[in-house]
Every structure is written in C-alpha cells, then in structure tokens.
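Asks: need coordinates for the below:
(chains A and B)
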There are 2 protein chains.
Amino acid sequence: VSPALSADAPDARQYCALPDPFPLKRGGTLAGARLAYETWGSLNAARDNVVLVYTGMSPSAHAASNIDPSPGWWEDMIGPGKPIDTQRWFVICANSLGSCRGSTGPASLDARSGTPYRMRFPELSVEDIAQANHYLLTHLQINKVRVAVGCSMGGMSALAHAVLRPHSAEHAILISTAARAEPLAIAIRSLQRQMVMADPKFADGNYQSAAEVDGMGLARKLGVISYRSGEEWRVRFSRQKIAQRTRHEAFAPEFEVERYLEGHAERWRGSFDPCSYIYLSRAMDWFDLSEHGLTIDDAYARLGYKSALVLGVQTDILFPLHQQKEIATGLRCGGCKVDFQALPSIQGHDAFLVDMESFGPAVAHYLAELPLGTC
Amino acid sequence: VSPALSADAPDARQYCALPDPFPLKRGGTLAGARLAYETWGSLNAARDNVVLVYTGMSPSAHAASNIDPSPGWWEDMIGPGKPIDTQRWFVICANSLGSCRGSTGPASLDARSGTPYRMRFPELSVEDIAQANHYLLTHLQINKVRVAVGCSMGGMSALAHAVLRPHSAEHAILISTAARAEPLAIAIRSLQRQMVMADPKFADGNYQSAAEVDGMGLARKLGVISYRSGEEWRVRFSRQKIAQRTRHEAFAPEFEVERYLEGHAERWRGSFDPCSYIYLSRAMDWFDLSEHGLTIDDAYARLGYKSALVLGVQTDILFPLHQQKEIATGLRCGGCKVDFQALPSIQGHDAFLVDMESFGPAVAHYLAELPLGTC
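Replies: Numbering: from 1, shown residues only, chains lettered A, B, ... in the order given. As a prediction, this is how the structure comes out:
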C-alpha cells in the first residue's frame, strides 16, 4: 500500500538500505530491508544541524512539503520560518520500519520467498524502529543528532534510540508520548487489533486487498475516539444530527459525530496495510523503557540528552499527561535540563497535529533558545 | 435469553402485564408486553415507602438477594440495614423494557407473528422504559414513589419518568447519569453497535443463538474500557503479563488487562441478547431531557422532585462528572433541594457498582435524613 500520489507529483522519498540481513530484537531477520525518508533544509558543513523527526504510528516520511508540494502531516511545524525552521535545521523524517509508506514492513515482499511477509513478518518492536533510524543516520554520515523530535509512538522511538545508542542525540522534544504503554492504552490497541483480525476478510493476513478489510474502519473509529476528547466533541458536534442522511438502513448513523467517524474510517480503510497496523500497534504495547536499565531511572540516566522539551495535554486519554510528567521527572533525575509544559489543548492526543497555536510557539521557543555550536 | 438460574433456585421475578397494545414513543406497538420485576421489604399501609430502582443498560430486576438467594447486581446497597434499608423501604426494581431478562424486548416472541421480534422490534426510547415503569406502579397500586433511584441509563429513565409524569416521585437519587447523551458516549455506543452488526453471525438479527455473535464480545470489551478508568487499571494491572498463557496463536493476549477483558467478553457473549443490546444502546443516544421542555431548565422545573442526591465520579469518561453537575444545577434552578457529591472513586462509570465504601454512606445518609411522613 502506497500513499496516494497524483500521477505527476514529484516523490520526495529517498531510500536507505538497511544492513542485510537486518536482525530484529525479538528474533528473526529482514532481507533487503529499507527505510523511506525525506529531508528539508541543508546539512551544514559541520553536519551538526540535524533535527530527526520520529513519526507516530501511521504517518509517512512526508512531514511537510518539499520537492513534493503536497502538504505533509506536520506542515505547519516544519519549513522556512516555521517552528522547526528549515533555514537553520536539516530535518530528516523516516517512515517507520514496519509501516507501509515506502519502508519495509509486513506488506513488503520478502526477498527470500518472493511473497509479501504479511503475518510471517518477524515480531516488530519500537527498538527495531529506533535501530533502523540509527542506520539511516549512518547512511547519511551523521554522527550526532542535534534535536530528536518524537510525537506519540515517535517519542517512544526517540527514547528507544537514545537508550540503545546513548548520546546519539544532544537534545530532545518529546510530545504526547510515554516511556511505556499503560494498561488502558494496551486495552484499546488490543481491541483494535482484534477488530481487524475478527473480520473474515482479514483471512489471517491473506486478504486480497487492504481496502476490503472493514475491520480496519472499525479499529480506526476506536483510534479516533482515543485520539481526541469528549471536551472537543462537546463543542464541535454537541448533539447535532446529520442534516442530509444518505443512509436509511436500520441503525444507520444519525449524529454528526457518527458521520465524522465514518469519514475517518473510510479514508483509513485501504490507505494503511492491516498487517502493518497490527504489528506497529503491538510494538507500542510492548515498549517499556525500564527494560533498558536496572531501573527506569537508570534507563533515563543513560539517554544522554543535555536538555529536553516535554509536552503533553490534559485531555489526552491515550498518552495521559502524567506519563509526560514521568518522562520529565525521569530525565531531570538523569541530569537533563527539562522544560515540561502541559498545553491547554482540548483536542486530546491529536493536539500536536492540529493545535499549532499551542504547540508551534512551544517548539519554536525551545529551538530558538538552543545555543549555536557543535554537538 | 434468560439469566442463568440454577435448576433449584427460586425465581423471585414477578410479572406486570403492560397495556395491550403498548404504544412506543417513536411509533409502533407491542402486543402482550410485560415487565419482570422483583421487590424487597414491605409496602406500608399508606403505600408511601416506595423506592423505585431504575437499572443501567444490562442488569436484571435481581438487584439484591430476596427469596432468590443469589447475590444481585447491587447486593451491598439493598437489604436489611444496608444503605437502601429494606426494613424501612419497599424497594422495587424492574428489568427494563427492551431488555432480555424477563421483560419484553427484541428477543421476545411477537404474539402477533409467533416469531421473535429481533430487528422488527419498534424503535425503543428511554421514555418507553419510563412509561413501562409507570404502568408497573399502577399495577402495584402505588400513586407516588418516595425515592426514585437511577444509575447510568437508569438515571435517564428516572428523569424521563419524572418529566412525563411530573411529581410521580418525591425525591431522587441520580447516580453517574446524564440528562442527555454527549458525542463521546454516542461515538462509543455507535461503534459498539457496529461491532455487533458487522459480525457475519449477527446476520441482520437472524443469528441462530446469541452465544455465537462474537461481535458482542468485542463490543463488551469497549464497554468495559468505557466503564472503568486508566487510573484504576494502572494500579490494578500495571504492565503485568499473563502468568500462564493458554493461547499462543499470533497476537494472542499477553497482558493481564487483556485477559481481564477476555473474561468480561466471554461472560457477556450469550448472556445478553444482541438485538436487546443495540436497541437499548441506541435509546441512550437518543435521550435528551431538553426535548421535554421549551428549554432544558424548563424540563428540569417540571420534574417535581422536592430533593435530590446527585452523585458522580471524576474518573467517569462515559457519563463525565460535568453532566452530573449540570443535573444538580438544573434541578436547583427548578426549585429542588440538591445534594451534589463528586465521589473519589477511581473505578470510573462502574464505581457505583463496586466502590460501596464511597457510594454506600452517601446513599445511606441521604435516605436517613429524609423525613418520615406521607408523600
């Protein structure tokens, strides 16, 4: 499954070949694996102006427009004069290992068998995503990242990268993320995976096409429920009814909030590979930074960040604010200078994608204060 | 579908025939409909010591042990010397109209066709549940309820009853409920209904047996996610793994929280009728007290409660605390004396069923302060 590219839009993606074979943390290897990535701005002569952006579960490497003029998933955050100012920074964003937007994942052909991996893909962990990003830096001859930026699963990936490769990043911006999955998030993601796998059309991973797996639509609806907040929807939808109902079968949607979820489900189904989805989802459940130290504090102390900006919002139910507080406390105990901010967004976990009025200035200010100089 | 009764356990249920035909608010009628109900304590000579308990979506009329010694769903709340003291009060609890625990619902035979209603059941509303409770009181020759008690959907039913029959209850205890469904709750319930209806074994309501509809298990898991809280699960499950895994297929449950959800799903599947479930679920989405007045305040003013105890908990995401605050404010504006309490439970929406240390004393104190005397 590839992102929809219009026929004549330039594809900004570049590819980095991963070591072959590429061993995964929990066992198994990938043959001929690669990462798709995009860049913005210019690498300076000292090669020390790198901002590496780790994505959440579903985004592609196209974080912002570049030679591909289509808007990216963080269009208002990255660009000339924007909070992550590409006149200063060389920004890199990779599609996560295991995803389906150009990088190797369960939807990719296994070079050894000539058929797609699907459910034969080895067990994927956040640490594998981090390692793949490490090899991308090696490929680009970058010794050290100036600022690692991770949102949601991307924050887990950034933490995994730093604990596996201490001091690989000098500073970090960790947004609406967690050092380990909590039971409510595990419960939600576990149920989402079951919705996908319970669909007969999933066929144990042998679906004809991603678009026919209706369970992906149901799972996405639960995703959207967990990504936003009751507070936002109270203001946005209230009890508004669908003005022009097009479906009249029994129990068809009646409320605007149902139509909104239907729209998300329809856009999602067929645009993301079902196996990629359940593999990435499970990777988040497994992630636990404390496995990388004698204690969680020990793990934080290994990361080697000089400073960090940690952001979260009160209305996030999937990565609740106390998890960002824990990260801030853990980093401080490890000797890192931390700026922790609870932003007033009502959009829940998704706020970092949509509430640029809150997140933009916080990120811009933190980066502006970072001293010039070498890593 | 009937509740599991052991072969020799006495059945405490009594039945009240509803008017025949019984018209429903949104159109259609039921033929030969009935309510199953149970009672505790004794009706006094003045017939003015009645506590009427309206249930949430799924409970039966068996709120506590009586001649049926099995524990009821509110066993610690109702009984001699308990918060709702049956030495003082004559307590009545009916299985809701539309449910499947003895009262007429979609799983019942339609006397006119000789086949179960299933998806041919007329559209069910909370107001219909309230009206059925009204006829139960008529059947029992009770003119006025001393205290109406409603939890969750039961609170909606109590409010509907009072607005349709003003002054039918003198006092009310409204717990973890709402005067109207909000978009987050609608989104969750809408998705639950879709999980049931998307299961091929649901077969548009023509399932062979309720137990085979796996979608009911998935819907129940989302129910449990919405009924409890991340805070509770953090303490209760943390990231504990299942000690003895019995299932080893790909993506089988690994965390204790997943096992907990599996247990709930297994107990639910086959014990509740899928059509009853989706009809009752939709009734909650539709309910809006403000439809019964020129404004919501006008509707509150019609209820006629002299006093009310309104309880909620901060960790409830399905019926969030601000909705109980709204009820308290609305009742006060309508001239009712209100005791509103936010209880410190971490168990979310389900707290009223499990946190008896918080809810028991609050209910006991309120009832103890009610003066003796006639309605």
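Asks: which residue, other than its chain neighbours, is closest to the residue in the stretch 1-150 of chain A that chain B sits nearest to?
Replies: Nearest residue of the stretch 1-150 of chain A to chain B: residue A:119, at 6.0 Å (Cβ to the nearest Cβ). The way it works is simple: take the backbone N, C-alpha and C, and place the C-beta from them, glycine included. Spatial nearest neighbour of residue A:119, chain neighbours left out: residue A:205 (3.5 Å); criterion: Cβ to Cβ, 6 or more residues apart in numbering or on different chains.
Asks: doesn't residue A:277 make contact with that neighbour?
Replies: No. Using Cβ atoms under 8 Å as the test, residue A:205 is too far from residue A:277 to be in contact (11.3 Å).
Asks: higher neighbour count, the two?
Replies: residue A:277 (30 against 18; other Cβ atoms under 10 Å in any protein chain shown).
Asks: just to revisit the earlier point, give me the secondary structure label for the residue of the stretch 1-150 of chain A closest to chain B.
Replies: The three-state label given to residue A:119 by DSSP: H, G, I helix; E, B strand; the rest coil is helix.
Asks: so it makes contact with residue A:106?
Replies: Yes. If you go by Cβ under 8 Å, residue A:119 and residue A:106 touch, sitting 7.2 Å apart.
Asks: list the residues that contact both of the two?
Replies: Shared contacts of residue A:119 and residue A:106, defined by Cβ atoms under 8 Å, 6 or more residues apart in numbering or on different chains, comprise A:205, A:275.
Asks: which element, helix or strand, includes the residue of the stretch 251-375 of chain A found nearest chain B?
Replies: Among all residues of the stretch 251-375 of chain A, residue A:257 sits closest to chain B, at 3.9 Å; criterion: Cβ to the nearest Cβ. Element membership for residue A:257, per DSSP states H and E: helix A:256-268.
Asks: check contacts around the residue nearest to residue A:119.
Replies: Applying Cβ under 8 Å, 6+ apart, the residues near residue A:205 are A:106, A:118-119, A:274-275.
Asks: just flag the most distant two among those.
Replies: Across those, no pair lies farther apart than A:119 and A:274, at 10.0 Å, counting by Cβ to Cβ.
Asks: thinking again about what came up before, how close does the residue nearest to residue A:119 get to residue A:198?
Replies: 13 Å (Cβ to Cβ, to the nearest Å).
Asks: and if you look at residue A:12?
Replies: Using Cβ to Cβ, one gets 37 Å for the distance from residue A:12 to residue A:198.
Asks: is it true that residue A:330 touches residue A:302?
Replies: No. Judged on Cβ under 8 Å, residue A:330 makes no contact with residue A:302 at a distance of 11.0 Å.
Asks: between the two, which has more neighbouring residues?
Replies: Using other Cβ under 10 Å, the more surrounded residue of residue A:330 and residue A:302 is residue A:330, with 24 against 16.
Asks: helix/strand/coil for the residue nearest to the more buried one when sequence neighbours are not counted?
Replies: Nearest residue to residue A:330, sequence neighbours excluded (Cβ to Cβ, 6+ apart): residue A:300, at 3.8 Å. Classification of residue A:300 using three-state DSSP returns helix.
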